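**Student:** sequence plus the predicted model coming up.
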Amino acid sequence: MLQDKRILLILTGGIAAYKGLDLIRRLRERGAAVTPVLTRAAEQFVTPLSVAALAGEKVYRDLFDLTDEAEMGHIQLSRSADLILVAPATADIIAKMAQGRADDLASTLLLATDTPVMIAPAMNVRMWDHPATQRNLTRIAGDGVAVVGPNDGDMACGEFGPGRMSEPLEIVAAVEGHFGPRPLTGKHVIVTSGPTHEPIDPVRYIANRSSGAQGTALARALVALGADVTFVTGPADVAPPADVKIVAVETAHEMKDAVDAALPADAAIFAAAVADWRVASASDQKLKKSKDGLPVLTFAENPDILAGVSQLATGRPGLVVGFAAETHDVVAHATAKRARKGCDWIVANDVSPETGIMGGPENAVILITDQGSDPWPRMSKADVATRLAQRIANALG
Ligand code: CTP
């Protein structure tokens with residue numbers, strides 16, 4: 001897929017640089033040649049020797065290395081690749097790119113190049129959220145730089161939130177997406193994601209533990225394959241993906257309306273954990289403690305959005321995919337769910353607390369289709385997303 005492609009991979013100084021080693025391996029597995037460049041700070045995290053060994057090529061480190069200048073020159077080095085990939089990209093290199101500074105080899109290459117540039121940011125969550133970083137990102141995106149990630153998650157610094165570098169396979173998917181073919185180009189895909197919040201009164205609600213991680217990863221993987229994604233999300237923990245049309249909702253009813261408004265679509269993927277019930281008559285005033293006893297909540301059933309779209313008489317998307325979160329008899333329940341709802345595929349997973357799947361970084365899914373059940377090995381949610389997006393592309397192809 002990346003045969004005959006040369007990637008100039010710039011590793012900058014962050015703890016995620018260790019994932020850069022795996023990234024080199026993954027890129028080379030797919031046929032790419034990797035020319036590595038290390039900043040001084042990156043050398044604190046990975047050694048030039050391990051990078052050179054994995055890349056099978058010389059590591060470029062210094063702007064003023066005269067031998068290199070005679071051999072190639074930094075201008076030529078900056079233009080010799082099909083893509084410049086900065087992974088991990090620190091807040092510092094992003095700031096330099098935004099300002100057009102050239103005070104080391106990496107920043108000079110980025111300023112001198114006429115080659116497409118892609119970055120995979122990695123930094124502490126507060127550095128990511130800082131207005132200066134967000135300003136810089138907007139500026140370099142305007143300059144045509146493609147941005148992959150970052151993901152949400154536990155960070156090496158002990159905090160949680162956006163800033164963790166995308167997984168190597170997500171970055172590889174984005175690189176493959178860059179070079180095409182982008183099999184989902186021109187295809188509209190609706191993805192629902194996250195939990196729903198069903199109000200009890202203006203300050204209280206009923207929710208569930210869905211983080212939105214799997215739906216978000218899936219939307220990202222679909223975008224990497226060229227899809228136009230409408231991302232209908234409940235109040236999720238993870239940041240929404242870039243390059244999608246985001247429709248933020250709270251309740252199941254709002255999610256249904258948003259999905260209906262987003263139709264028609266070539267495919268619809270229902271990764272949201274939709275509340276099955278809502279409080280029948282949510283109070284428009286805050287419920288107060290009362291001596292007369294405890295409040296009694298009466299429930300009403302929410303519309304089943306997946307079943308509604310699956311059973312549309314006209315305008316049904318060509319492929320409708322549901323998720324099934326089960327705690328026991330996973331295949332039997334998910335197979336029955338597929339038949340009951342009328343969708344084409346069910347992505348089933350075991351969300352028993354001991355699996356650590358709900359809210360965790362990994363997933364172990366069983367894909368249920370009209371061909372039966374296909375268990376996938378346990379892998380990261382990003383890898384599940386990449387594989388599922390590819391299957392979706394094959395089905396729509
Ligand atoms: N779903 C939906 N609308 C709902 C409930 C669920 O679109 N009101 C979708 C989910 O997004 C998911 C699939 O249906 O793709 C399965 O949801 P799940 O809650 O696991 O199944 P249920 O039908 O609610 O069955 P049960 O609660 O018995 O497990």
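**Tutor:** That came through fine. Numbering: from 1, shown residues only.

**Student:** so what touches the helix or strand containing residue 386?
**Tutor:** Assigned by DSSP states H and E, residue 386 belongs to helix 381-396. Residues external to helix 381-396 that are found in contact with it (CB atoms under 8 Å, 6 or more residues apart in numbering): 151, 166-167, 169-170, 173, 183-184, 187, 189, 213-214, 217-218, 220-222, 224-225, 227, 266-267, 269, 318-319, 321, 344, 347, 361-363, 365, 367, 376, 379. Heads up, the C-betas are built off the backbone N, CA and C, glycines and all.

**Student:** mind listing what's buried in that helix?
**Tutor:** Neighbour-count burial for helix 381-396, counted by 16 or more other CB atoms under 10 Å, picks out 381-393, 396.

**Student:** so which of the contacts of helix 381-396 are in strands?
**Tutor:** Here DSSP state E is the test, and the contacts of helix 381-396 give 151, 189, 267, 269, 319, 321, 347, 362, 363, 365, 367, 379 as lying in strands.

**Student:** in terms of pLDDT, where does the closest residue to the last one other than its chain neighbours sit?
**Tutor:** Distances taken as CB to CB, 6 or more residues apart in numbering put residue 362 closest to residue 379, at 6.6 Å, once the chain neighbours are dropped. Per-residue confidence for residue 362 comes out at a pLDDT of 82.

**Student:** can you give me how far the host helix or strand of residue 176 is from the chain middle?
**Tutor:** In this structure, residue 176 sits in helix 168-179 according to DSSP H and E. Between the mean C-alpha location of helix 168-179 and the chain-wide mean there is a distance of 12 Å, by CA atoms, centre = their mean, to the nearest Å.

**Student:** try stretch 87-98
**Tutor:** In terms of CA atoms, centre = their mean, the centre of stretch 87-98 is set 20 Å apart from its chain centre.

**Student:** what of stretch 134-147?
**Tutor:** Distance of stretch 134-147 from the chain centroid (CA atoms, centre = their mean) equals 18 Å.

**Student:** in it, what counts as buried?
**Tutor:** 136, 137, 139, 140, 145, 146, 147.

**Student:** which residues touch the nearest residue to the first one once chain neighbours are set aside?
**Tutor:** Read it as residue 136. Distances taken as CB to CB, 6+ apart place residue 98 nearest to residue 136, at 3.7 Å, with adjacent residues excluded. The contact partners of residue 98, taken as CB under 8 Å, 6+ apart, are 135, 136, 137, 139, 140.

**Student:** low-confidence ranges in the stretch 1-150 of the chain?
**Tutor:** 63-72 (pLDDT under 70).

**Student:** around the ligand, which positions in the stretch 151-300 of the chain sit nearby?
**Tutor:** Counting by CB under 6 Å from any ligand atom, the stretch 151-300 of the chain comes close to the ligand at 192, 252, 270, 272, 274, 276.

**Student:** check contacts around the fifth one.
**Tutor:** Counting by CB under 8 Å, 6+ apart, residue 274 touches 192, 196, 234, 252, 255, 302, 304, 305.

**Student:** turn those into JSON lines, columns for secondary structure and neighbour count.
**Tutor:** Below are the contacts of residue 274 laid out as JSON lines (DSSP: H, G, I helix; E, B strand; the rest coil; neighbours: other CB atoms under 10 Å):
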{"residue": "192", "secondary structure": "strand", "neighbour count": "32"}
{"residue": "196", "secondary structure": "coil", "neighbour count": "29"}
{"residue": "234", "secondary structure": "coil", "neighbour count": "26"}
{"residue": "252", "secondary structure": "helix", "neighbour count": "23"}
{"residue": "255", "secondary structure": "helix", "neighbour count": "26"}
{"residue": "302", "secondary structure": "coil", "neighbour count": "18"}
{"residue": "304", "secondary structure": "coil", "neighbour count": "18"}
{"residue": "305", "secondary structure": "helix", "neighbour count": "25"}
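
**Student:** quick check: the farthest pair among the residues you listed?
**Tutor:** 234 and 304 (15.4 Å; CB to CB).

**Student:** what ranges do the helices span in the stretch 101-250 of the chain?
**Tutor:** Counting by DSSP state H, counting those that start in this stretch, the stretch 101-250 of the chain has these helices, from start to end: 105-112, 125-129, 131-142, 168-179, 213-224.
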